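> Structure, please.
(2 chains)
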There are 2 protein chains.
Amino acid sequence: METLKDKIRNIENFPKQGIVFKDITTLLEDGECFQKAVDMLSYRYINQKIDKIVGIEARGFVIGAALAYKLCKGVVLVRKKGKLPHKTIQTSYELEYGNDILEVHIDAIKPNERVLIVDDLLATGGTVKAVVNLVEKLNGDLVECCFLCELNFLKGREKLDGYNVFSLLKF
Amino acid sequence: METLKDKIRNIENFPKQGIVFKDITTLLEDGECFQKAVDMLSYRYINQKIDKIVGIEARGFVIGAALAYKLCKGVVLVRKKGKLPHKTIQTSYELEYGNDILEVHIDAIKPNERVLIVDDLLATGGTVKAVVNLVEKLNGDLVECCFLCELNFLKGREKLDGYNVFSLLKF
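As a prediction, the model looks like this:
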């Protein structure tokens, strides 16, 4: 696991002063590491009943789509407001200043479908909590929230109390 | 192939009046169809020398990442301005009104690496032409531009004259 962790680059002062950003692009750019990370996630879910994998725009699409391909599951796109062409439901989530809106097509998840939410990083958990709301609004059955990385010190798990949470790499 | 084509939904008047938008989310949400589409793309490249697969934000990440996973290649993210944390190079491309900017990390492609560009849709070709510019600025060796769908009547291929272009589904 250290080799995968070592592939993630620290970028200081991004997106603003004082933040150390975990840059996963260096892991993604290494074909064997990317495949290994997705394979390791897949082993966890291969014997679970899952109908849909939800990817969160935009880096969640990278991990979510590769995992969905491997597991032969449908991939559902959760996108920023105004990007999806069909009828959507929305949820808002808090940013540091103000709010942003995420959307999903109303017919992307059918009632009682078993749903795995995938994103690259669990930080404060605000975004993924909003996506949990979308899944529940569509009466999906949430299997787990799955992340490539987790920043333990930001305590995103506490915001997801009562839901299953898994992350491959913890910092 | 008709079964894959039939999975793509037409949305009238999106993003604006008079446009019929090809909505691929209905294909992506069907696990077997998504896997089949990526597999069919992979057969074309499995015996070609490719070092990096470039995905264009955001739907290009879905197809590009799954294909990169299958072929065990690194995936490079081309993103909208301001999203990538490390040093980037930029290119601008024309929208209907004004310009937009795409970026890639300066170290994402090394000189002479063989690069496959992947996006969901070839329309007018403006976006992918900008990404070709980024690959060439980094001295990558462009293998092909690869799309899930192509809208023939918009003649994007003409804008990519001199480059290899492949699309799985043509409309």
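> can you pull out the helices in chain A?
Here chain A has its helices, by DSSP state H, at A:2-6, A:25-28, A:31-45, A:59-71, A:126-137, A:156-159.
> Adding mean pLDDT, distance to chain B and mean neighbour count, write these out as CSV.
Bear in mind the C-beta positions are built from the backbone N, C-alpha and C, glycine included. As requested, those are exported to CSV (pLDDT from 0 to 100; distance: least, C-beta to the nearest C-beta, whole Å; neighbours: other C-beta atoms under 10 Å in any protein chain shown):
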stretch, mean pLDDT, distance to chain B, mean neighbour count
helix A:2-6, 89, 14, 12
helix A:25-28, 98, 5, 24
helix A:31-45, 98, 4, 18
helix A:59-71, 98, 4, 28
helix A:126-137, 97, 14, 20
helix A:156-159, 96, 19, 16
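> Okay, the residue most central in space within chain A and residue A:61: tell me how far apart.
In chain A, the centroid-proximal residue (C-alpha atoms, centre = their mean) is residue A:119; its distance is 1.5 Å. Per C-beta to C-beta, to the nearest Å, residue A:119 is found 10 Å from residue A:61.
> who touches the residue nearest to the centre of chain A in this structure?
Contacts for residue A:119 (C-beta atoms under 8 Å, 6 or more residues apart in numbering or on different chains) come out as A:55-56, A:59-60, A:63-64, A:127-128, A:131, A:145-148.
> Could you tell me the end-to-end distance of stretch A:46-66?
With C-alpha to C-alpha, to the nearest Å as the measure, stretch A:46-66 spans 14 Å from end to end.
> Now find how far off-centre it is within its chain.
Here stretch A:46-66 is found 7 Å from its chain centre; the criterion is C-alpha atoms, centre = their mean, to the nearest Å.
> Tell me how many other residues crowd residue A:52.
By other C-beta atoms under 10 Å in any protein chain shown, the residues close to residue A:52 number 24.
> hey, what's it bridged with?
Applying DSSP bridges to residue A:52 gives these bridge partners: residue A:74, residue A:115.
> That one: what's it in contact with?
A:73, A:74, A:75, A:76, A:108, A:109, A:113, A:114, A:115, A:116, A:140, B:29.
> Would you mind measuring from the second one to residue A:91?
In this structure, residue A:74 and residue A:91 are separated by 21 Å, where distance is defined by C-beta to C-beta.
> neighbour-wise, which of the two wins?
More crowded of residue A:74 and residue A:91, by other C-beta under 10 Å: residue A:74, with 25 against 20.
> Need the pLDDT of the residue nearest to residue A:59 when sequence neighbours are not counted.
Distance criterion C-beta to C-beta, 6 or more residues apart in numbering or on different chains; nearest residue to residue A:59, sequence neighbours excluded, is residue A:120 at 4.0 Å. Note for residue A:120: predicted pLDDT of 98.
> how many neighbours does residue A:120 have?
Neighbours of residue A:120 under the rule other C-beta under 10 Å: 20.
> Now do the contacts for it.
Counting by C-beta under 8 Å, 6+ apart, residue A:120 touches A:24, A:59, A:60, A:62, A:63, A:147, A:148, A:149.
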